[in-house]
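Visitor: pasting the sequence and the predicted model now:
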2 protein chains.
Amino acid sequence: MGKIPVVPAVANVKKAPLPILRRLSIYHQVLTEMKERQVEMTSSTVISNAVEYKPIQVRKDLQILGLVGKPKIGFRVDELLDAIKRYVGWSKEHRAILIGVGNLGSALINFPWFAEYGLRFIAAFDASEKRSNIVVNHVPIHPVSYFPKYVRSHAVDIVVLAVPITAAQDVTDMVVAAGVRGIWNFSATPIKVPPHIIVENALFTQSLAVLTRRLSEGKIIK
Amino acid sequence: MGKIPVVPAVANVKKAPLPILRRLSIYHQVLTEMKERQVEMTSSTVISNAVEYKPIQVRKDLQILGLVGKPKIGFRVDELLDAIKRYVGWSKEHRAILIGVGNLGSALINFPWFAEYGLRFIAAFDASEKRSNIVVNHVPIHPVSYFPKYVRSHAVDIVVLAVPITAAQDVTDMVVAAGVRGIWNFSATPIKVPPHIIVENALFTQSLAVLTRRLSEGKIIK
DNA sequence: ATTATATCGATATATTTATATCGATAATAA
DNA sequence: TTATTATCGATATAAATATATCGATATAAT
């Protein structure tokens, strides 16, 4: 008699290649602008013109979505947009908490994430008492000490971390202990988490490094 | 007689691989924290423990910096840090302008970029008159209409763009026309520029796409 | 009706990036 | 003193990613 496996079963969704995910989010933005301009059909070539990638690459990327285009014509803009949203996980709701309501946190909480990205801020937390117990963009702000208790009575999918470097790891540990699975990290330092937690870093210095390096590489000397 | 080439000569600095640049900026952060803790020596293995990359990759990345480590010991923290800063272009000053003084722009201008990254904000511009003619973090804010004139009398290396999507392309065109070579784009849309302009996008949705996809991939179903 | 063309999807190749292996070396322990 | 170990740097292999090629097809032009 074979043993019944006790490891938790996991949805066998294929792991999407990182470079493709990143480019899909750019195609999403371009397609959104096309939709606003009432454009109905588009193609790899047309999308390619709007971004910095070659048509072959755009075509290959779109193939992963599994929808069929028409030769000579391409794809319906709205279908492409929906397919991308489904693929990257933006067509279902993600309940999010903001921690750190400084300038950056305020910028994040004021952005209309829900309609296009499924991200819904249900509360925010801040270390400072004077930023607490107010409401920003319909989202209530609480003192951060209340966070663990809050999570016990509210389902939270994602914590958006916008705290200073010095607080980042401590707050992360609290978030992990509370059982939240996803962290979108805007603090300027990489954070350490156990393997079952999913972290994505939005580290500004990464793009700054690329920018300053490219500027020095291309310096015209004569 | 051979023709004298008329194409502008360019410093023959090798083009740094993008993935390495991005990881170097993370090592930089980790090393900075080590320096603050007075750690003198470190190694690929130790750095690896602090980040999500394997020791082999860290070693290979550091090799590009061209400094020699000691077997069994590794590298001096301060030498590594300096080498990274030189390599990515953070050891010389970059004169920067902020355009768009909303929450995000304010967060950017209040961050201490200069000491570690060489980025010096010399002025900011905003479309709103009521945000103009004040000073934030020692940086004067002007109406954006004054930008072209300002650039004629001040050397500007980088424009940091933190404007709404709707304004992004128009402001970009103005920046390009004014002759600025580098753009750090925090507006939520990719912008189009001529080939001699260097743009780096800090698109939040890229990391969001990775986060939401990874969350759905790893969903426990049983 | 025929030809030309732009695109798709599939497959093949090239390039880039990540990882492994291995001898040499500096420090530490026996 | 000798053995052991952690690391380095160089080179080799593997894996992932990007690009090219090509036949098929839907539309538009002749």
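Guide: Arrived safely.

Visitor: helix or strand with the lowest mean pLDDT in chain A?
Guide: Every helix and strand in chain A was compared by mean pLDDT, DSSP states H and E; the lowest is strand A:135-136, with a mean of 92.

Visitor: so A:Tyr150 is in which element?
Guide: Take DSSP states H and E as the rule and A:Tyr150 turns out to sit in helix A:147-153.

Visitor: the helix or strand containing A:Ile109 packs against which elements?
Guide: For A:Ile109, the element it lies in under DSSP H and E is helix A:103-110. The contact analysis (3 or more Cβ pairs under 8 Å, 6 or more residues apart in numbering or on different chains; DSSP states H and E) places helix A:103-110 against strand A:94-99, strand A:119-126, strand A:135-136, helix B:103-110. To be clear about C-beta, it is placed using only N, CA and C from the backbone, and glycine gets the same treatment.

Visitor: now the element after it, going C-ward?
Guide: helix A:113-117.

Visitor: what packs against that next one?
Guide: On a contact count with 3+ Cβ pairs under 8 Å, 6+ apart, helix A:113-117 meets strand A:119-126, helix B:204-217.

Visitor: what sits opposite the residue sitting nearest the centre point of chain A in the beta ladder?
Guide: Nearest to the geometric centre of chain A sits A:Trp184, at 7.1 Å (Cα atoms, centre = their mean). Per DSSP bridges, the residues bridged to A:Trp184 are A:Val160, A:Glu200.

Visitor: for B:Val144, see how far away it is.
Guide: Relative to B:Val144, A:Trp184 is positioned 30 Å away (Cβ to Cβ, to the nearest Å).

Visitor: near DNA strand D, which residues of chain A?
Guide: Residues of chain A lying near DNA strand D by Cβ under 7 Å from any atom of the strand: A:17-20, A:53-54, A:56-57, A:60, A:70-73.

Visitor: DNA strand C is nearest to which of the helices and strands packed on helix A:113-117?
Guide: helix B:204-217 (14.5 Å; Cβ to the nearest atom of the strand).

Visitor: quick check: A:His142 vs DNA strand C, distance?
Guide: From A:His142 across to DNA strand C, the span is 40 Å (Cβ to the nearest atom of the strand, to the nearest Å).

Visitor: based on its surroundings, how many neighbours for that residue?
Guide: 18 (other Cβ atoms under 10 Å in any protein chain shown).

Visitor: for the closest residue to it other than its chain neighbours, list each beta-bridge partner.
Guide: Nearest residue to A:His142, sequence neighbours excluded (Cβ to Cβ, 6 or more residues apart in numbering or on different chains): A:Phe125, at 5.2 Å. Note on A:Phe125: beta-bridge partners A:Ile99, A:His142, judged by DSSP bridges.

Visitor: is it true that A:Phe125 touches A:Pro148?
Guide: No. A:Phe125 is beyond contact range of A:Pro148, at 10.3 Å (criterion: Cβ atoms under 8 Å).

Visitor: where does the prediction get shaky in chain A?
Guide: A:1-12, A:219-222 (pLDDT under 70).

Visitor: which residue does it bring closest to DNA strand D?
Guide: Using Cβ to the nearest atom of the strand, the closest approach of chain A to DNA strand D is made by A:Pro71 at 3.0 Å.

Visitor: distance of that residue from DNA strand C?
Guide: As judged by Cβ to the nearest atom of the strand, A:Pro71 and DNA strand C stand 3 Å apart.

Visitor: do the same with A:Ala188
Guide: In terms of Cβ to the nearest atom of the strand, A:Ala188 sits 22 Å off from DNA strand C.

Visitor: how about A:Gly179?
Guide: Distance from A:Gly179 to DNA strand C, by Cβ to the nearest atom of the strand: 29 Å.

Visitor: near that residue, how many other residues are there?
Guide: A:Gly179 has 11 nearby residues by other Cβ under 10 Å.

Visitor: and it, helix, strand or coil?
Guide: Recorded secondary structure, A:Gly179: coil (DSSP: H, G, I helix; E, B strand; the rest coil).

Visitor: got a list of contacts for stretch A:30-49?
Guide: Stretch A:30-49 has contacts (Cβ atoms under 8 Å, 6 or more residues apart in numbering or on different chains) with A:27, A:50-51, A:54-59, A:62, A:69, A:73-78, A:80-81, A:84, A:116, B:189-190.

Visitor: again, 10 Å this time
Guide: By Cβ atoms under 10 Å, 6 or more residues apart in numbering or on different chains, the residues outside stretch A:30-49 that reach it are A:23-24, A:26-27, A:50-51, A:53-63, A:69-85, A:116, B:165, B:169, B:189-190, B:192.

Visitor: are any of those residues buried, and which?
Guide: The neighbour-count test (16 or more other Cβ atoms under 10 Å in any protein chain shown) applied to the contacts of stretch A:30-49 identifies A:23-24, A:26-27, A:50-51, A:53, A:57-59, A:61-62, A:69, A:74-77, A:80-85, B:169, B:189-190 as buried.

Visitor: up against DNA strand C, what does chain A have?
Guide: Chain A comes close to DNA strand C at residues A:43-46, A:55, A:59-60, A:62-63, A:67-75, as judged by Cβ under 7 Å from any atom of the strand.

Visitor: mind doing that once more with 6 Å?
Guide: Neighbours of DNA strand C within chain A, by Cβ under 6 Å from any atom of the strand: A:43-46, A:59, A:63, A:68-69, A:71-72, A:74-75.

Visitor: thank you, goodbye.
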